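Engineer: pasted the sequence and its predicted model underneath.
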Amino acid sequence: QVQLVESGGGSVQAGDSLRLSCAASGRTFSNRAMGWFRQAPGKEREFVSAISASGDSTYYTDSVKGRFAISRDNAKNTVSLQMNSLKPEDTAVYYCAAGLINFGSHWSGGYRGQGIQVTVSS
């Protein structure tokens, strides 16, 4: 049974940093893309970032480029998201994703974690 467990969320002030981590168990994802999605109150879930199986390629939604950095450790079956210069509009529940597929215009498929809250106040 695959499980993805997120950690590192919390409440911070605008301009602060947080680091989210996700530990996968039940199977290895070293040959599959991993990433993060988020869902703000009253909004649809949106793609945030993805990283290729090797870690050589990374992808970001425009609103977080230059502020967020995704990384992975295949030996530990983990993926992380370093979030800097946080803004109130980054407030959302963040979901870890593993086994993602790039369909060209969007990322989908695979597994999701339960989500973790990130709140940024101004």
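Structural biologist: That came through, no problem.
Engineer: thinking Leu81 is in contact with Tyr94, fair?
Structural biologist: Yes. Leu81 is within contact range of Tyr94, at 7.3 Å (criterion: C-beta atoms under 8 Å). The C-beta positions use only the backbone N, C-alpha and C, and glycine is treated the same way.
Engineer: please enumerate the shared neighbours of those two.
Structural biologist: Common neighbours of Leu81 and Tyr94 (criterion: C-beta atoms under 8 Å, 6 or more residues apart in numbering): 20, 36, 48.
Engineer: and the residue nearest to the second one when sequence neighbours are not counted, which helix or strand is it part of?
Structural biologist: Put plainly, it is Trp36. Residue nearest to Trp36 in three dimensions, not counting chain neighbours: Val48, with 4.4 Å by C-beta to C-beta, 6 or more residues apart in numbering. Val48 belongs to strand 46-51 when assigned by DSSP states H and E.
Engineer: and the helix or strand that that strand is followed by, how far from the chain's centre?
Structural biologist: Going down the chain from strand 46-51, the next helix or strand is strand 58-60, by DSSP H and E. In terms of C-alpha atoms, centre = their mean, to the nearest Å, the centre of strand 58-60 is found 10 Å from the chain centre.
Engineer: who are the packing partners of strand 58-60?
Structural biologist: Applying 3 or more C-beta pairs under 8 Å, 6 or more residues apart in numbering; DSSP states H and E, we find strand 58-60 packed against strand 46-51, strand 68-73.
Engineer: Asn102: which of these is closest?
Structural biologist: Among the helices and strands packed on strand 58-60, strand 46-51 comes nearest to Asn102, with 7.4 Å by C-beta to C-beta.
Engineer: hey, where'd the strands end up in this protein?
Structural biologist: Using DSSP state E, the strands of the chain run over residues 3-7, 10-13, 18-25, 33-39, 46-51, 58-60, 68-73, 78-83, 92-102, 107-108, 111-112, 116-121.
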